[in-house]
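> Show me how the following folds:
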Amino acid sequence: MLALLFILFAGMAIGCAIAVVAQRNPLYSAISLIGVFLSLACLYVMLAAPFIAAVQVIVYAGAIMVLVVFVIMLLNVDQEERRRPHLAFLVPAAIVLAAVLIGEVAFILSSVQLYPHTPTTNISDIGLTASIGAGLFTTYLLPFEITSILLLMAIVGAMTLARQTMIPSASTRIVPGAQLLALNIIDPKVPLDDTTTVLTHTTAEAERVLGIVHDHESAPRE
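Numbering: from 1, shown residues only. Reported below is the predicted structural model:
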């Protein structure tokens, strides 16, 4: 029974993984990736690791994939544009790497069958929340803290880059596009009670009307 379930979930994971790279629509690829995560969660349950299975569903199939789908819909990516491939060596390289991966899996499976290992620890606690928490805060405390620092550095770096791109410098001049400009703004000699307005349709037109000189120009646009 367990062998049949393993074959079923493993086949689902492989099929969904192939669909991820075979689909032209990125939204369908993201949905196929959710199928991969759910299949892996089922395999974790079969390996007596309920905590990892729950994290796989909650974090990856839940939060991460919601973010991916949100970005895809925000960018309005309908279908991948077919372009002429420029790197012809990618297909042979992918075939070679796939063959190496299959060879490694076959070697590991044959090694496990030839040299079986009997665990000396209590396997009933493996994969449970208590054992994972005890391992993270005792034996693997240093790698856990290093990972936390790396994630914190990534968050701070992303916030710094976003802040630098959003806040303009003091010398930046922002000119709106379509707008109505009062004539006395353009020509100081016009009286303030003059209600004449000038309509600009683009940013370039507004710059030309206001007489803004760019850094690479020596005189206003005519």
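
> Tell me where this protein is predicted with low confidence.
Within the chain, the stretches falling below the threshold (pLDDT under 70) are 76-87, 115-127, 164-177, 212-222.

> Would you point out which residue is most central in it?
residue 68 (6.2 Å; CA atoms, centre = their mean).

> In contact with that one, which residues are there?
Contact analysis of residue 68 by CB atoms under 8 Å, 6 or more residues apart in numbering lists 30, 33. All C-beta atoms are positioned from the backbone trio N, CA, C, and that covers glycine.

> how does the protein divide into domains?
1-78+124-136, 138-167, 174-222 (automatic domain parsing).

> For residue 23, grab the count of nearby residues.
Residue 23: 17 surrounding residues under other CB atoms under 10 Å.

> hmm, I was thinking of residue 144
The number of residues near residue 144, taken as other CB under 10 Å, comes to 12.

> now, of the domains of the chain, which is deepest in the fold?
domain 1-78+124-136 (a mean of 15; mean count of other CB atoms under 10 Å).

> which residues of this protein fall in helices?
For the chain, the helices defined by DSSP state H cover 2-22, 26-46, 50-55, 65-75, 90-114, 129-136, 141-166, 183-186, 203-210.

> Tell me which of those lies nearest to residue 195.
Among the helices of the chain, helix 183-186 comes nearest to residue 195, with 8.5 Å by CB to CB.

> about what we covered before: and the residue nearest to the centre of the chain, how far is that from residue 37?
Separation of residue 68 from residue 37 (CB to CB, to the nearest Å): 11 Å.

> And for residue 92?
Looking at residue 92 against residue 37, where the rule is CB to CB, the gap reads 30 Å.

> Kindly report the same for residue 149.
Distance from residue 149 to residue 37, by CB to CB: 27 Å.

> and if you look at residue 152?
On the measure of CB to CB, residue 152 and residue 37 end up 25 Å apart.

> What residues does the residue lying farthest from the centre of the chain make contact with?
Distance from the centre of the chain peaks at residue 191, with 56.3 Å (CA atoms, centre = their mean). Neighbouring residues of residue 191 by CB under 8 Å, 6+ apart: residue 184.

> For it, grab phi and psi.
Dihedral pair for residue 191: phi -60, psi 150, per degrees, to the nearest 10.

> now do the one 4 residues further on
Residue 195 has phi and psi values of phi -90, psi 10 when expressed as degrees, to the nearest 10.

> can you tell me how far it sits from residue 186?
Distance from residue 195 to residue 186, by CB to CB: 14 Å.

> Ok, residue 143 next?
For residue 143 relative to residue 186 (CB to CB), the value is 65 Å.

> next one: residue 34
57 Å.

> same thing with residue 163?
35 Å.

> Same question for residue 110.
From residue 110 to residue 186 the distance is 83 Å (CB to CB).

> what does residue 107 give?
Separation of residue 107 from residue 186 (CB to CB) stands at 78 Å.

> and what of residue 21?
58 Å.

> and if you look at residue 73?
43 Å.

> ditto for residue 9
As judged by CB to CB, residue 9 and residue 186 stand 71 Å apart.

> just residue 31 next, same as before
55 Å.

> still on that earlier bit, out of the domains of the chain, which is closest to residue 98?
Nearest to residue 98 among the domains of the chain is domain 1-78+124-136; the distance by CB to CB comes to 11.5 Å.
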